[in-house]
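Peer 1: Whatever this is, show me its structure:
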Amino acid sequence: MEKIHVDIKSDGNSRSSEIISDLRTATEALFYPMQMCGFLDESDSMHLCPHMERRQPCPHLFEDKTVNETAYHNTLERERKASLRVYFSHANISLYLT
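Peer 2: This is a model prediction of the structure:
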């Protein structure tokens, strides 16, 4: 899976949004016609899990409740055909596109 690193910096008091829906809008506009198929918020250990959507146990969590990134990437590649990961370093969030 290809990874694109987006690093937004400001030399003033302005701050970039860290809201997933805002990042999704920007990402889908940049990489149209691709669409988001998953996300990983590393700060809060949250992710959009296909297994949990089917009411199955999540196989991506370690015992300390952090997300196993490799297992999550593999699941999205296999089940959602994800081919692009866009990582926003200012928010510590990855969006996955298909």
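Peer 1: Which parts of this structure are helices?
Peer 2: Assigned helices in the chain, in chain order: 20-30, 50-53, 69-79 (criterion: DSSP state H).
Peer 1: Can you check which of the ones you listed gets nearest to T98?
Peer 2: helix 69-79 (8.1 Å; Cβ to Cβ). Where you see a C-beta, it was placed from the backbone N, CA and C, and this is true even at glycine.
Peer 1: and that closest one, what's its mean pLDDT?
Peer 2: Averaging pLDDT along helix 69-79 yields 95.
Peer 1: now the end-to-end length of stretch 59-67.
Peer 2: 9 Å (Cα to Cα, to the nearest Å).
Peer 1: Name all residues that make contact with S16.
Peer 2: I8, S10, F88, H90, A91 (Cβ atoms under 8 Å, 6 or more residues apart in numbering).
Peer 1: repeat that for 10 Å
Peer 2: V6, I8, K9, S10, D22, L23, A26, F88, H90, A91 (Cβ atoms under 10 Å, 6 or more residues apart in numbering).
Peer 1: can you put these in a markdown table and add pLDDT?
Peer 2: Shown next, in a markdown table, are the contacts of S16 (pLDDT from 0 to 100):
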| residue | pLDDT |
| --- | --- |
| V6 | 96 |
| I8 | 91 |
| K9 | 88 |
| S10 | 86 |
| D22 | 97 |
| L23 | 97 |
| A26 | 96 |
| F88 | 97 |
| H90 | 94 |
| A91 | 95 |
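Peer 1: nearest to L61, of those?
Peer 2: A91 (20.9 Å).
Peer 1: So that closest one sits against D22, correct?
Peer 2: Yes - counting by Cβ atoms under 10 Å, A91 sits close enough to D22 to count as a contact (9.4 Å).
Peer 1: More neighbours: which of the two?
Peer 2: In terms of neighbours (other Cβ atoms under 10 Å), A91 is the more surrounded of A91 and D22; the figures are 20 against 13.
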